[in-house]
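Asker: the amino acid sequence is not available; the structure is as follows:
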């Protein structure tokens, strides 16, 4: 029988909101399976997390060591290798931790990795998943042989959290002695200076993406934002190009926003970007009628923002 | 410092509209324009700027069965300032790519191996697999590198919310590079001409002690069955009409939904 394990991320003594998404994902693999939650950390914070999630999982495996006070995937991987049974199906998120942890884990436990899964089901020993490729432009069905275990990285937000799970599990201490030769040592977490910019409070966001094409065209978007009394925000490529400051970036690696209206201008809609939009009426304008943004927008216009923005600004003024 | 950078040519989404073949087995690849995977381009720039500062050389490697496509991608990145290119002309898949890169890296002596954080498949897996195969420390989503000395680097990783996780990592190591870590230099025509006649060693898997079977799709426990277009429901309500009609509709929505006066 498949043994399902979920890695529970946590911070400051509380499980991350996305932890219960793992239960939904596990139920898609086997609705009747026992799901073991693995919580790695240190001291009273760790105990608080274990107690918080114990009710939702069949069992909680606690791995407690002061060296896990910060979630460093390089050493957590070593502990997981020690405790996971050979045919385990291990589920975590496809985020900055899962991308760090899982590829190496898959090699070391010799189990296949299926990354960035958005839907799945099981047929015998085959895990049938749905993924996206080419940055959301196409979908694919990807099958994985899980007869000798698997590592599954699920996309954050793709599975609805299972809030009411009442499994009533016990906390079992699985602390192991792991190799102390730590070759990657955590120093600190740095929050970049916002420069006084706060896009999270705006009622209207004028948000620009790759479709703005050139740094000189940023001015055009600024004028529209000013005319609307809106804030200017953007997608990742604009920050990468250093055309706007990082504090204006919407997405999982930027800010999470909930304006009344989100004007997505020339933004294709990569999942990392959409992960930062938590509400509001989305109006999308994009040259590509197949851009993923049109799947989530309320209203869409196929067109060139470089023509559309000046017209809109003039009309508003 | 000797640096190996693993690169890949991917369909250029600004130049192509992606269509799926009617039987779903692949995307339509006729006339598809390929360019360097964006993450890899940042990795190459980072490698070049480290060697400009600290000495050493940069080797770019790609695993690609289409030699013409591979040659173009390799020469573009060599024109940026990489000294050597290596081409492995076999179709490798998933973990197989990491196996090939391991074998290539063992033919040289590299202090640092860089990959892009992800490519067109979105798995973000090759760098981490390679590090585990080589038993070297690894960090993903790296957005800052400072060389401390011959034995270690100070690195930043991009984590959720845009925060940066700063660590120290021992060399030799493998890092996957996030976009935005630097500003990749432009490639000049002169640069491309300069590298046009540089010889690029070509290997087959068998030259590297691997069989084509063990790196290919048949050996993989993870297999793409097909590409498809999902039933996405309604999606956005599309506004048609003249520019004026579209502008008026957006203003009406900004007033009704956004409270614009």
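Answerer: Here it is on my side, so go on. Here the structure is a predicted model, which means the values were calculated and not measured.
Asker: okay, CA-based contacts and neighbour counts for the rest of this
Answerer: OK.
Asker: residue A:61 is in contact with residue A:169, isn't it?
Answerer: No. The pair residue A:61 / residue A:169 is not scored as a contact, 9.9 Å apart, by Cα atoms under 8 Å.
Asker: what residues does the stretch 151-300 of chain A have near chain B?
Answerer: Contact residues, the stretch 151-300 of chain A versus chain B (Cα under 8 Å from any Cα of the partner chain): A:183-192, A:203-204, A:228, A:237, A:239-242, A:246, A:251-256, A:260-261, A:281, A:283, A:288, A:294-300.
Asker: make it 7 Å
Answerer: With the criterion set to Cα under 7 Å from any Cα of the partner chain, the stretch 151-300 of chain A comes near chain B through A:183-192, A:203-204, A:240-241, A:252-255, A:260-261, A:281, A:294-300.
Asker: give me the packing partners of the helix or strand containing residue A:100, helices and strands only.
Answerer: For residue A:100, the host element (DSSP states H and E) is helix A:98-108. Counting contacts by 3 or more Cα pairs under 7 Å, 6 or more residues apart in numbering or on different chains; DSSP states H and E, helix A:98-108 packs against helix A:73-83, strand A:150-154, helix B:126-134, strand B:138-149.
Asker: tell me which of the ones you listed approaches residue B:62 most closely.
Answerer: Comparing the helices and strands packed on helix A:98-108 by their distance to residue B:62 (Cα to Cα), the top pick is helix B:126-134, with 12.3 Å.
Asker: give me the contacts around the closest one.
Answerer: A:100, A:103-104, A:107-108, B:97-98, B:102, B:115, B:137-138, B:174-176 (Cα atoms under 7 Å, 6 or more residues apart in numbering or on different chains).
Asker: try stretch B:210-224
Answerer: A:112, A:114, A:140-145, B:90-93, B:96-97, B:205-206.
Asker: at 6 Å instead, please
Answerer: Identification of contacts with stretch B:210-224 by Cα atoms under 6 Å, 6 or more residues apart in numbering or on different chains yields A:141, A:142, A:143, A:144, A:145, B:92, B:93, B:96, B:205.
Asker: looking at these, which one is closest to residue B:124?
Answerer: Distances from residue B:124 to the contacts of stretch B:210-224, taken by Cα to Cα, are shortest for residue B:93, at 13.3 Å.
Asker: how far away is the closest one from residue A:114?
Answerer: As judged by Cα to Cα, to the nearest Å, residue B:93 and residue A:114 stand 13 Å apart.
Asker: among the residues of the stretch 151-300 of chain A next to chain B, which ones are in helices?
Answerer: A:240, A:294, A:295, A:296 (DSSP state H).
Asker: and which of the residues you listed is nearest residue A:77?
Answerer: residue A:240 (30.5 Å).
Asker: which residues of the stretch 51-200 of chain B lie near chain A?
Answerer: B:120-121, B:123, B:125, B:128-129, B:132, B:137, B:140, B:159-170, B:180 (Cα under 6 Å from any Cα of the partner chain).
Asker: tell me which residues of the helix or strand bottoming out on mean pLDDT in chain B come out buried.
Answerer: Across the helices and strands of chain B, mean pLDDT, DSSP states H and E gives its lowest value to helix B:212-215, namely a mean of 86. Judged by neighbour count using 16 or more other Cα atoms under 10 Å in any protein chain shown, the buried positions of helix B:212-215 are B:212, B:214, B:215.
Asker: just stretch A:68-83 next, same as before
Answerer: Counting neighbours by 16+ other Cα under 10 Å, stretch A:68-83 gives A:68-80 as buried.
Asker: off-centre distance for that stretch?
Answerer: Its chain's average C-alpha position is 20 Å from that of stretch A:68-83, according to Cα atoms, centre = their mean, to the nearest Å.
Asker: which outside residues touch it?
Answerer: In contact with stretch A:68-83 (Cα under 6 Å, 6+ apart) are residues A:41, A:42, A:101, A:178.
Asker: give me the subset of the residues of the stretch 51-200 of chain B next to chain A that lies in strands.
Answerer: In strands, judged by DSSP state E, the following of these are found: B:140, B:164, B:165, B:166, B:167, B:168, B:169, B:170.
Asker: looking at the ones in helices among the residues of the stretch 151-300 of chain A next to chain B, which two lie furthest apart in space?
Answerer: It's A:240 and A:295 that sit farthest apart of these, by Cα to Cα, at 25.1 Å.
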